[in-house]
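> sequence and predicted structure below; questions after.
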Amino acid sequence: MNRRAALALALSLFAVNLFAGSMESNKNRPTPNAPCTLATLKGSFIYAQDGFLIAGADASQRTPFSQVGREYFDGSGSMSGVYTASMNGRIVRGRYNGTYTVGADCVAAIVFTDNLGVTSHYDGYLADGGEEFAFAQTDAGVVTSAFERRRADEKN
């Protein structure tokens with residue numbers, strides 16, 4: 001066997017072993033959870049979020065913000081929350097109420113209106129049986145995303 005053929009055989013055996021090893025390690029991964037429902041998103045969650053409000057094309061027309069808060073999802077499609085935000089250094093506190101849907105694919109749509117009358121829309125992606133989810137705001141002029149985690153002491 002020449003050197004080129006030996007190298008090709010060695011690479012082929014390496015690739016087969018690598019593939020077999022990855023297949024074996026995938027056996028140890030948990031199987032996907034059952035389809036999600038409204039009840040998958042239930043309980044009290046905490047979050048930290050930051051981003052920008054955009055008023056125009058110029059960077060000077062972007063307002064940075066950060067906020068933290070707690071949200072409660074009732075497992076039936078209603079939610080509420082409280083927050084504290086820093087809007088370019090100006091502190092704002094508020095409350096909001098809204099609704100949500102959850103598809104079998106664990107994708108959520110959340111809409112709420114705060115005490116200032118601002119309505120916000122989000123897409124969320126649930127993981128770990130609803131213990132946490134990532135979200136992005138889908139309203140024009142806002143760039144933000146974050147994670148939420150269920151509070152361990154408030155599962156219901």
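It's in.

> so where is the chain shaky, pLDDT-wise?
1-33, 153-156 (pLDDT under 70).

> and the closest residue to residue 142 other than its chain neighbours, what does it touch?
The shortest distance from residue 142 to any non-neighbouring residue, by C-beta to C-beta, 6 or more residues apart in numbering, is to residue 53 (5.9 Å). Where C-beta positions appear, they are placed from N, C-alpha and C, glycine not excepted. Taking C-beta atoms under 8 Å, 6 or more residues apart in numbering, we find residue 53 in contact with 62, 63, 65, 87, 141, 142.

> buried stuff in the helix or strand hosting residue 53?
Using DSSP states H and E, residue 53 maps to strand 42-54. Neighbour counts over strand 42-54 (16 or more other C-beta atoms under 10 Å) mark 42, 43, 44, 45, 47, 49, 51, 52, 53 as buried.

> now do the helix or strand that contains residue 95 and strand 42-54, the angle between them.
Residue 95 belongs to strand 90-102 when assigned by DSSP H and E. Interaxial angle, strand 90-102 versus strand 42-54 (axes from the mean of the first three to the mean of the last three C-alpha atoms, to 10 degrees): 120 degrees.

> one step back: identify the farthest-apart pair in the contacts of residue 53.
Pairwise distances across these (C-beta to C-beta) peak at 13.7 Å, for the pair 87 and 141.

> quick one: the strand holding residue 95 to chain centroid distance?
16 Å (C-alpha atoms, centre = their mean, to the nearest Å).

> that one - contacts with which helices or strands?
strand 78-87, strand 107-114, strand 119-127 (3 or more C-beta pairs under 8 Å, 6 or more residues apart in numbering; DSSP states H and E).

> repeat that for 6 Å
When contacts are defined as 3 or more C-beta pairs under 6 Å, 6 or more residues apart in numbering; DSSP states H and E, strand 90-102 packs onto strand 78-87, strand 107-114.

> parallel or antiparallel, list what pairs with the first one.
Put plainly, it is strand 78-87. Strand 78-87 has its sheet partners listed here by DSSP bridges as strand 62-74 (antiparallel), strand 90-102 (antiparallel).
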